[in-house]
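Q: next one to model:
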Amino acid sequence: MDLKVSVCLRWLCLWTLACLCWGNLQQYNTTRYEEIHGSPLSLLFICAGNTCRSATAHAMATSLLGDNVAQSAGLRIRNGVGDPMNHHAQVFVCGSVGCYDGLHSSKHLKDNMVMNATHIYVMDKGLLEEFKERFATLPMVLSKVDLLCNGQDVPDPYFNSAEEQTLPLSVRRGSYMIMNMRVKKCLLERLDEIFSV
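A: Numbering: from 1, shown residues only. Take a look at the predicted model:
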C-alpha cells in the first residue's frame, strides 16, 4: 500500500473514532446538574506544567460543556506563567475535536481555584500526592480530588531532556496521540459518572 494512502487511512480512522467518541454532546446538561446539586459544575484539571495534559483535558471539557465550566493549572510550572499549550498537544486536540481556541495560557495552581471547583482531577499519582500534602488540612478539598483516570496515570508526553529531543518526530507525536486518547477516554468516563447522578 502506498505510504500516502496508509497515512490518510490512519488519520481517517482516528477522525472517525474521535467523532464517535464526541457524538453524544447532548447528554451533558450543566443546567440540570446545577438544579440537582444547587451549584454550578466546576471542573479543575491539574498537571505539572499546564501546557499539555491538563490543558488538553480543559480544552476537551470546554468543547463538551461550554465556557466557564472547566479550568486547568500546573503544580510545577518551571518557565513561569503564560506559556501556550504545547504544539503537539494542540495538533491532536484540534485534529480530533476542533476545540482549541488558541487562548490557553499556563497558570500556577491557586487556592481559590481549588476551593471553587466541584471536581478536581489530577493527571498522575505523584502530583496527586503533592496536591494532598499541600491541602492536607482541608478535608473538604481532599474529598473532591482524584486521578482523572481512575487509579492510573496519564503519562506525561513532554520531552524535556536533550536525549529525548533527538527522538524522531513520529515517536514524539505518537506519545502525544496516546496522551490525547487517554485523556479523552478518561474525561468521558468521568463526565458519565458526574451526569449519571
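Q: what about D67, how many residues nearby?
A: Neighbours of D67 under the rule other Cβ atoms under 10 Å: 7. For the C-beta atoms, the positions are set from N, CA and C on the backbone; glycine is no exception.
Q: G151 now?
A: A count of nearby residues for G151, using other Cβ under 10 Å, gives 7.
Q: okay, it: pLDDT?
A: Listed pLDDT for G151 reads 91.
Q: what segments of this structure are helices?
A: 3-21, 30-37, 53-65, 87-97, 111-116, 125-134, 139-142, 162-165, 169-195 (DSSP state H).
Q: low-confidence ranges in the chain?
A: 1-27, 78-81, 84-103, 159-165, 169, 172 (pLDDT under 70).
Q: got the buried residues for stretch 137-146?
A: By 16 or more other Cβ atoms under 10 Å, the buried positions in stretch 137-146 come out as 141, 145.
Q: find the nearest non-adjacent residue to L109, please.
A: In this structure, L109 finds its nearest non-sequential neighbour in A73, 4.0 Å apart by Cβ to Cβ, 6 or more residues apart in numbering.
Q: does the one you found touch M113 like I think?
A: Yes - between A73 and M113 there is a contact under Cβ atoms under 8 Å: 5.8 Å.
Q: neighbour count winner among those two?
A: A73 (24 against 17).
Q: show me the residues around the more buried one that make contact.
A: Listed by Cβ atoms under 8 Å, 6 or more residues apart in numbering, the contact set of A73 reads 44-46, 50, 54, 107-110, 113.
Q: and it, what are its bridge partners?
A: A73 has these beta-bridge partners by DSSP bridges: I46.
Q: mind checking how far it is from S54?
A: The gap separating A73 from S54 is 7 Å, by Cβ to Cβ, to the nearest Å.
Q: which residues are in contact with each of those two?
A: 45-46.
Q: straight-line length of stretch 116-130, end to end?
A: 19 Å (Cα to Cα, to the nearest Å).
Q: so which residues make contact with it?
A: Identification of contacts with stretch 116-130 by Cβ under 8 Å, 6+ apart yields 37, 39-48, 53-54, 57, 71, 75-76, 114, 131, 141, 144-148, 153-156, 190, 194.
Q: name only those of those residues that count as buried.
A: 41-48, 53-54, 57, 71, 75, 114, 131, 141, 145, 147-148, 153-154, 156, 190, 194.
Q: distance check, N112 against Q71.
A: For N112, the distance to Q71 (Cβ to Cβ) stands at 11 Å.
Q: do the same with L142
A: Counting by Cβ to Cβ, the gap from L142 to Q71 is 19 Å.
Q: looking at it, C149 is touching L188, isn't it?
A: No - if you go by Cβ under 8 Å, C149 and L188 don't touch, sitting 11.2 Å apart.
Q: understood, closing this out.
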